[in-house]
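>>> got a predicted model here, sequence first, then my questions.
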Amino acid sequence: MNIAFSRRAEALTSSAIREILKVTERPEVISFAGGLPSPASFPVEALARAGERLFAQHAHTALQYGPTEGYAPLREWVAARQGVDPARVVMTTGSQQALDLLGKVLIDPGSAVLVETPTYLGALQAFSLYEPVFRALSSDDDGPLPAALDAAAVGDARFLYAQPNFQNPTGRRMPVARRAALVERARELGLLLVEDDPYGELAYDGTRLPSLLSLNPDGVAHLGSFSKVLSPGLRLGYLIAPPALVRKVVQAKQAADLHTPSLVQVLAHEAVRDGLLDRHLEGVRALYAAQCRAMLDALARHMPAGVRWNRPQGGMFVWLTLPQALDAGELLQRAVARNVAFVPGAAFHAGEPGANTLRLAFVTVPAERIERGVAILGEVLAEALNAV
Ligand SMILES: Cc1ncc(COP(=O)(O)O)c(CN[C@@H](CCCC(=O)O)C(=O)O)c1O
């Protein structure tokens, strides 16, 4: 059967992370690839008790169709936590769906979309379905440069996609002054900001900086997720946006999946309604801080000269820059042959190739396996450097 695919489908590519995750299913593989939260961070007991309350008190709601905007008590909980009107909140099936819906309602073929580079490859993949032209915005260690946001660069761009907290893949965090300057420039230029923030509650010192949303609620579409603070298997996220954008996203979501599963929304609300999250997050932050120290110590011990990396203050990722001569895509094959996996950096780039970069996720690997995996990675890099 010769299936005639749409032009969009013909251009589709696989997620580098999803493809590598297939390889990492072998238990002997030390995987620094997927941004999977540590299973030790899942509040299993609290979720089990929430499930009992769900079936005892909310079974009909949890098992029935629900409103596309989401389960009202959960929307209200999100709205209160973010300081917005519940009418601006839409619950989504992971924040990944929010990325897809924003692409669907904001991007025409050929539309310009401004992105950091590198940036989250899942966002590039979601937006790409709608055939934009990506424009990479100059950035430094603090994030996108507001000075790069001039009328010429912005032109008719539909939005700027940015992550202010512990950015995937670089791990960097935008200082408050940079956030304010970025929001001000975007406001002056009438440019919508899409703020993707799955890691905002994962600062190891427990601090939270003001969101871009809080600096300009009418100019920012904010994405949040329960994946990194509760469980990714729930596939639960949310979008907070100006009313006109909420209306369009809801219409698109009606066509996509009618609504996010009622069961998951009621379960999550039953779990978080009495303050579980704040108690739970203290332990998650302490665990991730220890994991990060183990990773940074191992890198310092085993990386050959010329390899650079950041020191994240939160989140789940370390970003390595290799000497120009090395290609992380080629090195991945050699590393996997020695049971170590990571995500090559090229897939995170929308502008320059970035072949000599790679992302290491560190929260799910026990410290002794981090030490062994990074030692092997160091040997693979040293052998490659000796061969150039
Ligand atoms: C910046 C950013 N925005 C949205 C997402 C998607 O999270 P959810 O759909 O809310 O689980 C993510 C999740 N990214 C992880 C998860 C992907 C894992 C996978 O594809 O299995 C990663 O980069 O490894 C993210 O980092």
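Perfect, thanks for sending it. Source: prediction; values computed, not measured.

>>> what's the burial count for residue 226?
25 (other C-beta atoms under 10 Å). All C-beta spots, glycine's among them, are computed from the backbone N, C-alpha and C.

>>> show me what contacts it?
234, 236-237, 268 (C-beta atoms under 8 Å, 6 or more residues apart in numbering).

>>> so what secondary structure elements neighbour the lengthiest helix in the chain?
What stands out as the longest helix in the chain, according to DSSP state H, is helix 276-302. Helices and strands touching helix 276-302, by 3 or more C-beta pairs under 8 Å, 6 or more residues apart in numbering; DSSP states H and E, are strand 317-321, helix 367-387.

>>> hey, which of those is tucked in deepest?
Comparing these by mean neighbour count (mean count of other C-beta atoms under 10 Å), strand 317-321 comes out on top with a mean of 22.

>>> quick one: it near the ligand?
No - counting by C-beta under 6 Å from any ligand atom, no contacts exist between strand 317-321 and the ligand, the nearest distance being 7.7 Å.

>>> I'd assumed residue 90 was in a strand, is it?
Yes - judged by DSSP: H, G, I helix; E, B strand; the rest coil, residue 90 forms part of a strand.

>>> so it touches residue 67, yeah?
No - counting by C-beta atoms under 8 Å, residue 90 does not reach residue 67; the two are 9.9 Å apart.

>>> okay, those two: which has more neighbours?
Neighbour count, other C-beta under 10 Å: between residue 90 and residue 67, residue 90 has more, with 27 against 14.

>>> so for stretch 201-215, mean pLDDT?
For stretch 201-215, the mean pLDDT works out to 97.

>>> same question but for stretch 158-165, I mixed them up
Computed over stretch 158-165, the average pLDDT equals 98.

>>> also stretch 42-56?
Rounded mean pLDDT across stretch 42-56 is 96.

>>> ok but residue 135 is inside a helix, no?
No - going by three-state DSSP, the assignment for residue 135 is strand, not a helix.

>>> for beta bridges, what are the partners of it?
On the basis of DSSP bridges, residue 135 is bridged to residue 114.

>>> distance of it from residue 270?
43 Å (C-beta to C-beta, to the nearest Å).

>>> show me which of those two is the more surrounded one.
residue 270 (23 against 18).

>>> and the spatially closest residue to that one that is not a sequence neighbour, what does it touch?
Using C-beta to C-beta, 6 or more residues apart in numbering and skipping the chain neighbours, the partner closest in space to residue 270 is residue 50 (3.7 Å). Contacts for residue 50 (C-beta under 8 Å, 6+ apart) come out as 267-268, 270-271.

>>> nearest to the ligand, out of those residues: which one, please.
The ligand lies nearest to residue 268 out of those, by C-beta to the nearest ligand atom, at 12.2 Å.

>>> now do the contacts for that closest one.
Residue 268 makes contact with 50, 74, 226, 230, 234, 236, according to C-beta under 8 Å, 6+ apart.

>>> tell me which of these fall in helices.
Using DSSP H, the contacts of residue 268 in helices are 50, 74.

>>> need the contacts of residue 268 in CSV with distance to the ligand, can you?
Shown next, in CSV, are these (distance: C-beta to the nearest ligand atom, whole Å):
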residue, distance to the ligand
50, 19
74, 15
226, 7
230, 10
234, 9
236, 7
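
>>> apart from its chain neighbours, what residue comes closest to residue 370?
residue 294 (4.8 Å).

>>> so that neighbour sits against residue 369, correct?
No - checked against C-beta under 8 Å, the pair residue 294 and residue 369 is beyond contact range at 9.5 Å.

>>> run through the stretch 1-150 of the chain and note the low-pLDDT ranges.
Residues of the stretch 1-150 of the chain meeting the criterion pLDDT under 70: none.

>>> please repeat the previous calculation with a cut-off of 80.
15-18, 21-24 (pLDDT under 80).
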